[in-house]
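Chemist: sequence first, predicted coordinates after that:
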Amino acid sequence: MSMRRLAAVAALGLAVVSVVVGVITAVTLFPRGLIVLGLLAAALAAGWQGALRLGVMRWLLLGLAAAALAAGLVLLLGRDPVAIIVVVACAIGALALARAAFAVPVTLTALPRPERPVLIFNPRSGGGKAERFHIAEEARRRGIEPIELAPGTDLVKLVDDAIAGGADGIAMAGGDGSQAVVAAAAARAGIPYACIPAGTRNHFALDLGVDREDVVGALDAFVHGAERRVDLAEVNGRVFVNNVSLGLYADAVQHTGYRAAKLRTLLDTVPEVAGRNGDAPALRWRDPTGLTYDGGLALLISNNPYRLGRAMGSGTRPRLDSASLGVAVMGSAGHGLLQLWTLPAVEVEGNGSLPVGIDGEAVMLAPPLRFVSHPAALRVRISTSHPGRSPAATLPDNAWAGVRALARIALR
């Protein structure tokens with residue numbers, strides 16, 4: 001039996017144990033189980049209302065949410081802790097084994113290396129990762145010319161000058177905003193690009209299949225790497241590699257303290273955007289057929305759709321070559337809905353300049369905002385020692401689909 005098939009069989013077994021023990025425990029704990037469900041519902045409601053308020057009322061509601069959640073756990077663990085531990089442990093084990101079963105290896109074919117590859121690196125990005133990993137020295141060892149992005153330097157001009165000087169491959173060691181600039185230049189020139197994960201979060205690297213923990217190894221994309229084509233997206237002439245946010249998150253990134261305290265700034269922004277009565281911001285968007293939609297509390301338009309709200313692979317994009325944009329709309333506080341679309345183009349309307357977060361960078365843009373996808377625009381090189389695919393690439397869309405997929409793997 002192959003390791004993949006063994007992992008699928010074990011995942012299904014642990015899932016069955018978790019469900020059976022959970023059902024038996026719920027029956028034996030009746031009516032305590034109903035009380036626990038009520039406490040969990042109260043915790044969710046209080047937490048949401050707390051996020052919509054400021055000052056003392058916020059902390060009272062968030063404290064109430066925490067207390068309700070804690071009470072629910074105490075009720076469960078106080079009566080039959082062994083059963084609860086078994087349910088949780090089996091569920092976690094099943095998810096881990098399911099990941100292993102779905103992790104299909106990607107075979108990357110080695111290609112000839114560029115003759116004059118160049119690395120642009122930002123020594124300040126990611127808390128100084130480039131300097132900490134000696135990225136310039138490591139690049140020279142591999143025959144890659146390093147060029148430092150000094151404070152005040154125009155990155156666009158720096159990249160264009162490097163390409164005009166003969167670079168036939170270009171890499172960027174920095175955050176996602178910088179990655180977008182370099183990727184756009186590489187696409188215009190038709191030369192290969194490599195993403196070096198030297199930023200803070202490196203979301204683009206994650207979805208490309210670059211190992212974010214192997215900063216130095218990512219340079220091997222220009223030594224023994226493989227090439228793939230991915231899409232780029234654009235809003236009003238500006239290329240982005242991940243997403244553009246409007247509404248809640250876009251207002252948050254405009255605040256001075258956002259980067260130092262992202263969660264707190266985001267929470268402080270909720271009442272400003274949603275209002276205490278849950279009023280949605282004045283955003284509307286159109287699909288290519290001309291239909292108009294409410295932009296809701298937050299609008300996220302991405303270069304290929306994200307997988308959202310899933311246990312596995314959530315927050316990542318299964319593909320970067322679907323030639324489409326992802327549109328995710330979070331409803332107003334009164335609805336709390338998350339709606340998803342996949343479209344080739346989008347137009348957003350608004351009144352006056354709109355605060356926008358482009359790959360996490362704060363920008364003000366004048367509407368209408370026109371979003372388009374550029375299919376297969378970018379030649380990306382990835383080290384053959386890295387996964388070469390998104391964590392969500394082989395994962396099912398939902399739990400039931402996951403069970404069916406595990407069963408197919410187990411029965412092969």
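Modeler: Cool, the structure landed. Residues are numbered from 1 along each chain as shown.

Chemist: next SSE downstream of the least confident helix or strand in the chain by mean pLDDT?
Modeler: One helix or strand of the chain scores below all others by mean pLDDT, DSSP states H and E: helix 262-274, with a mean of 52. Downstream of helix 262-274, the first helix or strand assigned by DSSP states H and E is strand 284-286.

Chemist: now do the next helix or strand after that next one: which elements does it pack against?
Modeler: As assigned by DSSP H and E, the chain's next helix or strand after strand 284-286 is strand 292-294. Packed against strand 292-294 by the contact rule (3 or more CB pairs under 8 Å, 6 or more residues apart in numbering; DSSP states H and E) you find strand 284-286. (C-beta placed from N, C-alpha, C; glycine too.)

Chemist: how about 10 Å then?
Modeler: strand 284-286, strand 325-330, strand 338-343, strand 345-349 (3 or more CB pairs under 10 Å, 6 or more residues apart in numbering; DSSP states H and E).

Chemist: pull up the pairing partners for it, direction included.
Modeler: Its sheet considered, strand 292-294 pairs with strand 284-286 (antiparallel) by DSSP bridges.

Chemist: the strand it pairs with - what's its average pLDDT?
Modeler: Across strand 284-286, pLDDT averages out at 90.

Chemist: now swap in stretch 98-108 and tell me
Modeler: Per-residue scores along stretch 98-108 average to 71.

Chemist: next one: stretch 4-23
Modeler: Stretch 4-23 shows a mean pLDDT of 84.

Chemist: using CSV, list the CA coordinates for it.
Modeler: The C-alpha coordinates for stretch 4-23 follow below in CSV (Å, rounded to 0.1, in the frame of the first residue of the first chain):
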residue,chain,number,x,y,z
ARG,A,4,-0.7,8.3,0.1
ARG,A,5,-3.3,5.5,0.2
LEU,A,6,-2.3,4.6,3.8
ALA,A,7,-2.8,8.3,4.8
ALA,A,8,-6.2,8.4,3.2
VAL,A,9,-7.3,5.2,5.0
ALA,A,10,-6.0,6.4,8.3
ALA,A,11,-7.7,9.9,7.8
LEU,A,12,-11.1,8.3,7.1
GLY,A,13,-10.7,6.0,10.1
LEU,A,14,-9.9,8.8,12.5
ALA,A,15,-12.7,10.9,11.1
VAL,A,16,-15.2,8.1,11.7
VAL,A,17,-13.9,7.7,15.3
SER,A,18,-14.3,11.4,15.9
VAL,A,19,-17.8,11.6,14.6
VAL,A,20,-19.0,8.4,16.4
VAL,A,21,-17.5,9.5,19.8
GLY,A,22,-18.9,13.0,19.3
VAL,A,23,-22.4,11.7,18.6
